[in-house]
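Engineer: Got a sequence here, can you build the structure:
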Amino acid sequence: MSQHFTTVRHAEGVRCRTEEGGNFLLYHPKTDQLHIVSNNGKAIFDQCDGKEIDDVVHLGGKLLAQETDQEEETLRSSVLVFLQELNKRNLIEFE
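Structural biologist: Numbering: from 1, shown residues only. Below you'll find the predicted structure:
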């Protein structure tokens, strides 16, 4: 991934609101779409502040490892897929 892009940041204008049940609502005014993410998803989204993609994947893997018995490498792969999905929905940008 990092061979094509180096950093990741929130797309301009994306807003976040806390929802019931520990979920978060991400809203992008340019696309007028709403997206619900879990507490872990929000924590990973928050790391997208200009950090290196590899750092976000590493931090996200460590975060998820605290809550599951899956291997951290598997979790890092899940974080990368999650970032790609956020990017498809125009919530973050790879630079």
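
Engineer: what residue ranges in the protein score low on pLDDT?
Structural biologist: Along the chain, the model assigns pLDDT under 70 to residues 1-5.

Engineer: could you redo the last one with a cut-off of 90?
Structural biologist: Along the chain, the model assigns pLDDT under 90 to residues 1-6, 20-22, 63, 66-73.

Engineer: residue with max distance from the center of it?
Structural biologist: What lies farthest from the middle of the chain is Asp69; by CA atoms, centre = their mean that is 20.8 Å.

Engineer: Which neighbouring elements make contact with the longest helix along the chain?
Structural biologist: Ordering each helix of the chain by length in residues (DSSP state H) puts helix 72-88 first. Applying 3 or more CB pairs under 8 Å, 6 or more residues apart in numbering; DSSP states H and E, one finds that helix 72-88 contacts helix 39-46, helix 53-65, strand 92-94. Every residue, glycine included, has its C-beta placed from N, CA and C.

Engineer: re earlier: the residue farthest from the centre of the chain in helix, strand or coil?
Structural biologist: coil (DSSP: H, G, I helix; E, B strand; the rest coil).
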